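In: fold the following, please.
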Amino acid sequence: GRGIDCSGLRIEPGYEAVNEIEITDKTTRTVFGRYRDLLFTTPQWDQPCLEAIRKSRLVCLDPGFGETSLKVAAAAQDAGLPMVTCDASPDSPLTRSAAVIAMSKEGLSWHEGLEDHQAAFDTYCQACPGLVVFTRGAEGAWWGRGDVRGEVPGFAIDVVDTAGAGDSFRGGLIYGQLQGWDDDRTVRFACAVAARICQSFPGAINGPTLEEVEELLNR
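Out: Predicted coordinates:
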């Protein structure tokens, strides 16, 4: 119903899907799931279709698929396509070739030496040729591109469920990229998308309309 082509998804009868249990309040969440098994014990995913990548306008890439993620990044770079990614280390090939990288507090904790977030922000802005965004939950987001820095404050909302906020934030960044917006407008829009997701349950499958996001921005 949202114009998304799902024809590339393969349905495998009897496949045991990811099971997830989430404990959440208004400011924190703890997630229990089978992701580590799926990603690292017995990798279970299809290889990317390089032809489909070359036909794209933009590539959104999760770094969690190891060598497969690097293969997609290389294909995007060879095709001259902008790539949006998240939570990669500052010395990762993904960071060094990204048009946009979004780093969460959780993602920063996965990499050593990034405890000082301000210093880490400077490191990423030097390593990434594109837009660097540090998400900060209710506090909003920092953004930077080279020596240019900006900050978008968080939206005052009544949080219901935070699941899906990070993925939706990246969706907002992608939308801004495809619209050709400047960095501040793009990050502000992404913050509004994530805020709207947090206002419904389950937010991950009740995405806001463009009009609802614009209403929050105008407010």
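In: phi, psi for Ile101 please.
Out: As for Ile101, its main-chain torsions (degrees, to the nearest 10) stand at phi -130, psi 130.
In: now do the one 5 residues further on
Out: Backbone torsions of Glu106, given as degrees, to the nearest 10, read phi -60, psi -40.
In: dump the residue contacts of it.
Out: By C-beta atoms under 8 Å, 6 or more residues apart in numbering, the residues touching Glu106 are Asp87. C-beta here means a position set from N, CA and C on the backbone, and glycine is covered the same way.
In: assumed Thr27 was part of a helix.
Out: No - counting by DSSP: H, G, I helix; E, B strand; the rest coil, Thr27 is located in no helix; its state is coil.
In: roughly how far does it sit from Ile174?
Out: Counting by C-beta to C-beta, to the nearest Å, the gap between Thr27 and Ile174 amounts to 26 Å.
In: state the pLDDT value of the residue lying closest to Val187 once chain neighbours are set aside.
Out: Excluding the flanking residues, the one nearest Val187 by C-beta to C-beta, 6 or more residues apart in numbering is Trp143, at 4.6 Å. At Trp143, the predicted lDDT confidence score is 98.
In: using the three-state scheme, assign Trp143.
Out: Applying three-state DSSP: Trp143 is strand.
In: what about the residue nearest in space to the middle of the chain, helix or strand, and which?
Out: Nearest to the geometric centre of the chain sits Arg170, at 3.6 Å (C-alpha atoms, centre = their mean). Using DSSP states H and E, Arg170 falls within helix 165-179.
In: would you map the helices across the protein?
Out: With DSSP state H, the ranges of helices along the chain come out as 35-36, 50-54, 67-78, 93-97, 105-109, 117-127, 165-179, 183-197, 210-218.
In: what's the most buried one of those helices?
Out: helix 183-197 (a mean of 23; mean count of other C-beta atoms under 10 Å).
In: what's next to it, contact-wise?
Out: Contacts of helix 183-197 (C-beta under 8 Å, 6+ apart): 131, 133, 135, 140-141, 143, 145, 148, 150, 152, 154-155, 157, 164-166, 168-173, 175-177, 179, 181, 203-204, 206-208, 212-213, 216-217.
In: re the thing from before, model confidence score at the residue nearest to the centre of the chain, please.
Out: At Arg170, pLDDT is 96.
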